[in-house]
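S.K.: dropping a prediction and its sequence here:
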Amino acid sequence: MTTTTLAVLVPLLPFLGAAAGLLLGRTAPGFVRPLAVLPSLAALALAAVVAVRQGGDAAVDAATELTPTGSVPVELALHIDGFAALVAVLVAFVATCVQIYSTGYLRDDPRYPSYAALVSLFTSAMLLVVYSGDLIVLLVGWEVMGICSYFLVGHYWETPEARAASGKAFLVTKLGDVPFLIGLFALATDAGSFRITKVLDTVAHGGLHHPTLIALLLLAGVAGKSAQFPLHTWLPDAMAGPTPVSALIHAATMVAAGVYFVARLLPVFEASSAAMVVLAVMAAVTMAGSGLAALAQDDIKRVLAYSTIGQLGYMTGALAVGDRDAAVFHLLSHGAFKALLFLAAGVVIHATGTNSLAAMSRMGGVRARVPDAFWTMTVALLALAAIPPFSGFFSKESVLGAAEHAATGDTAHIPGAAGWIVLVAGLLAALLTAGYATRLWLLAFHGKGVEAPDHGRQPVTMNAVLWVLAVPSLALGGLAYRVLPDWFDGRDLTPTLTTSVLGTGVALVGVVVTYGAWRQTTAFAAGAPLGAVAAHPEGDAGLVEAEAIASHTPAYGDVASAPDPADPGRLLLGPLHRHAANGFHLDAVYGALFVRPVLAAADLVRFLDREVVDTYVRGAGTLPRLLGAAVRRAQTGNLQTYVSALLAGTVVLTVAVLLVATGA
């Protein structure tokens, strides 16, 4: 087969698997698991073949016009360069791991067939985004992912948290998608085509007439899809869905789509210095704010959610300084260790049968039951904290190195201010990332929490997937920074001395300070019973809910809402803790600025509809009814009455005629 044919099959196979899974889920349940795993596995094999054939050489381009539009044509096009080839391998790899893992994690879930089909469709949509060479076709995959995330986040629709989270995810991302769509049409109008290659050629020749407007409109959609400030608030709440879904969304689909889109069309954004500065500020606020929020969360999945937001901030920061090689390098590295983090957290949740949103600090005794999760999660946390020689160190240092070059003016067409913003925020984020990663590890595996119920050993498929993902989390970075330049734009990804020392230094400071705070708070709380602090004035940061997995057991009983006195995050953040735990009240701000006015407008419309419009409608029906009643009274059936009325009418007409004639 040609490379083009193989590339077409990569997104097509998961799509066919999703369709077959939905059709056979009830009639032939024995085929559900093979239909979930095998198409993703086959797509992974084909994506790897496509990547080997592409080999970082000239991009593979193919296109056919779907239908004449009369203006800007829409084409079914492929554009596979080194970026697309490797990102597709990541997507298929993580999706396959998630599908295999889910066969054990959701083995007793009655809605597993629809779940597996939606995961396959999700995978197909992301692969379509990665390989697409036409912006409208890319938009189709972009929007299909939004629909899939709505259904998957709301998988446990019996719980109000899941229903609210799915609706919030859909609405917040759509808030960004509206200007994103306008930006796509404006871009195509200036370029005269939706083809990515023609758009980039137009930019290279200075053909964009409104670069700043187009870039800012597109950034709105990127902020929503990739959970960047200020449209990031949906991602922490999306943890109400099954944990494997979180792994898929955070590691290889959905949130990665926005970063990949900017990397794909980076020259469009570089055409506007203002847009690059806006992108840098957005990345900086995202990195710093998410790090503080993660340090205050008590739910293991919400910590990882804010972690994803911050790591995506690193990627957008690299793009803001014009280095898409570093951005995609961190995208690949992050995809491996973030999938591992979520799936390891899922093993802990599966082992205890709970998903209390305040349970991380009460996971004492869990480490001995989940040794595979403990060791693999330790590897992933070291990669997240960018401790050498783990993969996160090399990819994060490539971002900081790119920011340093831009700050010192070594990067053409990039404002120096953007470089300094990203560099300072990146170093602060490195400190915070190491801090909350250490805190998570200490509280989850070394705390003295409540002994959760033991639900037995985990399925071998779950633990096996963890060790598979641990390999790239440990070894990917050291190999990739030497190989990836040949696949990308040729930029040097070797860690620089200055940022390596600074980045590693602040990370180690974060580890040491957090450990010291934990020791201090542990010693302070040694004589206090856990329930004694249940009325802590700061309250509990998280909501308490039960995730309907396996046995559907409740959270850790009546202590689930009690804050842990041995939480180092409270000591480190001090009075800022309460605000950070609530995401700096951004949801409350949105509620005051948008939600309440919309609800008030809806109440007004309902009042006008009920009291004004309905009044006219009722009046329109009342008048004919009254006229009918009057006419009905005249229809007595008495012949004498009819003759008398006829004679009276004749007399009246005669008099009227005479009066008119006399007047004439």
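M.R.: Yep, that arrived.

S.K.: pLDDT score assigned to residue 119?
M.R.: Looking at residue 119, its pLDDT is 96.

S.K.: so where is this protein shaky, pLDDT-wise?
M.R.: For the chain, residues meeting the criterion pLDDT under 70 lie at 353-359, 361-362, 364-365, 448-456, 525-565, 664.

S.K.: give me the distance between the residue sitting nearest the centre point of the chain and residue 496.
M.R.: Central residue check for the chain by C-alpha atoms, centre = their mean: the C-alpha nearest the mean position is that of residue 255, 4.3 Å away. If you measure residue 255 against residue 496 using C-beta to C-beta, to the nearest Å, the figure is 28 Å. The way it works is simple: take the backbone N, C-alpha and C, and place the C-beta from them, glycine included.

S.K.: equivalent analysis for residue 217, please.
M.R.: Counting by C-beta to C-beta, the gap between residue 217 and residue 496 amounts to 35 Å.

S.K.: these two: which is more packed in?
M.R.: With neighbours defined as other C-beta atoms under 10 Å, residue 217 and residue 496 compare such that residue 217 has more, 22 against 17.

S.K.: ok, and the closest non-adjacent residue to that one?
M.R.: residue 183 (3.0 Å; C-beta to C-beta, 6 or more residues apart in numbering).

S.K.: likewise for residue 212?
M.R.: Counting by C-beta to C-beta, 6+ apart, the nearest residue to residue 212 once its immediate chain neighbours are dropped is residue 272, at 4.1 Å.

S.K.: so who does that neighbour touch?
M.R.: By C-beta atoms under 8 Å, 6 or more residues apart in numbering, the contact list for residue 272 reads 211, 212, 215, 216.

S.K.: one step back: how much space separates the residue nearest to the centre of the chain from residue 188?
M.R.: 25 Å.

S.K.: could you do residue 107 as well?
M.R.: Counting by C-beta to C-beta, the gap from residue 107 to residue 188 is 47 Å.

S.K.: which of these two has more residues huddled nearby?
M.R.: Just comparing residue 107 and residue 188: by other C-beta under 10 Å the higher neighbour count belongs to residue 188, 23 against 14.

S.K.: helix or strand for that one, which one?
M.R.: Here residue 188 sits within helix 160-191, counting by DSSP states H and E.

S.K.: what of residue 64?
M.R.: Under the assignment given by DSSP H and E, the secondary-structure element containing residue 64 is strand 60-67.

S.K.: give the buried residues for that strand.
M.R.: If you call a residue buried by 16 or more other C-beta atoms under 10 Å, then strand 60-67 has these buried ones: 60, 62, 63.

S.K.: dump the C-alpha coordinates for stretch 583-601 into CSV.
M.R.: The C-alpha trace of stretch 583-601 is given here as CSV (Å, rounded to 0.1, in the frame of the first residue of the first chain):
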residue,chain,number,x,y,z
GLY,A,583,-9.3,27.9,41.4
PHE,A,584,-9.0,31.6,42.5
HIS,A,585,-12.8,31.9,42.3
LEU,A,586,-12.7,32.1,38.5
ASP,A,587,-15.9,30.1,38.3
ALA,A,588,-17.6,32.6,40.6
VAL,A,589,-16.4,35.5,38.4
TYR,A,590,-17.9,33.7,35.3
GLY,A,591,-21.0,33.1,37.3
ALA,A,592,-21.4,36.8,38.1
LEU,A,593,-20.4,38.1,34.6
PHE,A,594,-22.1,35.5,32.4
VAL,A,595,-24.2,32.9,34.0
ARG,A,596,-26.3,35.1,36.2
PRO,A,597,-27.0,37.7,33.4
VAL,A,598,-27.9,34.9,31.0
LEU,A,599,-30.2,33.3,33.6
ALA,A,600,-31.8,36.7,34.3
ALA,A,601,-32.3,37.3,30.6
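
S.K.: ok, residue 331 touching residue 256?
M.R.: Yes - Residue 331 lies in contact with residue 256 (C-beta atoms under 8 Å); the separation is 5.9 Å.

S.K.: now for the two: what residues contact both?
M.R.: Residues touching both residue 331 and residue 256 (C-beta under 8 Å, 6+ apart) are residue 87.

S.K.: the two: which is more packed in?
M.R.: Counted by other C-beta under 10 Å, residue 331 and residue 256 do not tie: residue 256 has more neighbours, with 30 against 27.

S.K.: the more buried one and residue 429: what is the separation?
M.R.: The separation that residue 256 has from residue 429, given C-beta to C-beta, amounts to 18 Å.

S.K.: and residue 598, what does it touch?
M.R.: Residues in contact with residue 598, defined by C-beta under 8 Å, 6+ apart, are absent; none qualify.

S.K.: how far off centre is the helix or strand it falls within?
M.R.: Residue 598 is located in helix 596-607, with elements delineated by DSSP H and E. Average the C-alpha atoms of helix 596-607, do the same for its chain, and the two points are 29 Å apart (C-alpha atoms, centre = their mean, to the nearest Å).

S.K.: quick check: next helix or strand after that helix?
M.R.: helix 614-634.

S.K.: can you pull out the residues in contact with the helix or strand just after that next one?
M.R.: If you walk from helix 614-634 toward the C-terminus, the next helix or strand you reach (DSSP H and E) is helix 639-663. Residues from elsewhere that reach helix 639-663, judged by C-beta under 8 Å, 6+ apart: none at all.

S.K.: ok, now with 10 Å
M.R.: 634, 635, 636, 638 (C-beta atoms under 10 Å, 6 or more residues apart in numbering).

S.K.: for the residue nearest to residue 217, which residues are in contact?
M.R.: Shown here is residue 183, whose contacts under the criterion C-beta under 10 Å, 6+ apart are 135, 210, 213-222, 268.

S.K.: measure residue 310 to residue 608 for me?
M.R.: With C-beta to C-beta as the criterion, residue 310 and residue 608 are 46 Å apart.

S.K.: so residue 367 belongs to a strand, correct?
M.R.: No - following the definition DSSP: H, G, I helix; E, B strand; the rest coil, residue 367 is coil and is not counted among the residues of a strand.

S.K.: returning to that earlier point: return the set of buried residues in the helix holding residue 188.
M.R.: Going by 16+ other C-beta under 10 Å, helix 160-191 has these buried residues: 161-162, 165-166, 168-170, 172-173, 175-177, 179-184, 186-188, 190-191.

S.K.: residue 9: neighbouring residues, count only.
M.R.: For residue 9, the neighbour count with other C-beta under 10 Å is 17.

S.K.: the one 10 residues further on too?
M.R.: Burial of residue 19 is recorded as 15 neighbouring residues (other C-beta under 10 Å).

S.K.: over to the one 5 residues further on?
M.R.: When neighbours are defined as other C-beta under 10 Å, residue 24 has 16 of them.

S.K.: ok, now which ones touch it?
M.R.: The contact partners of residue 24, taken as C-beta under 10 Å, 6+ apart, are 30, 31, 32, 35, 113, 117.
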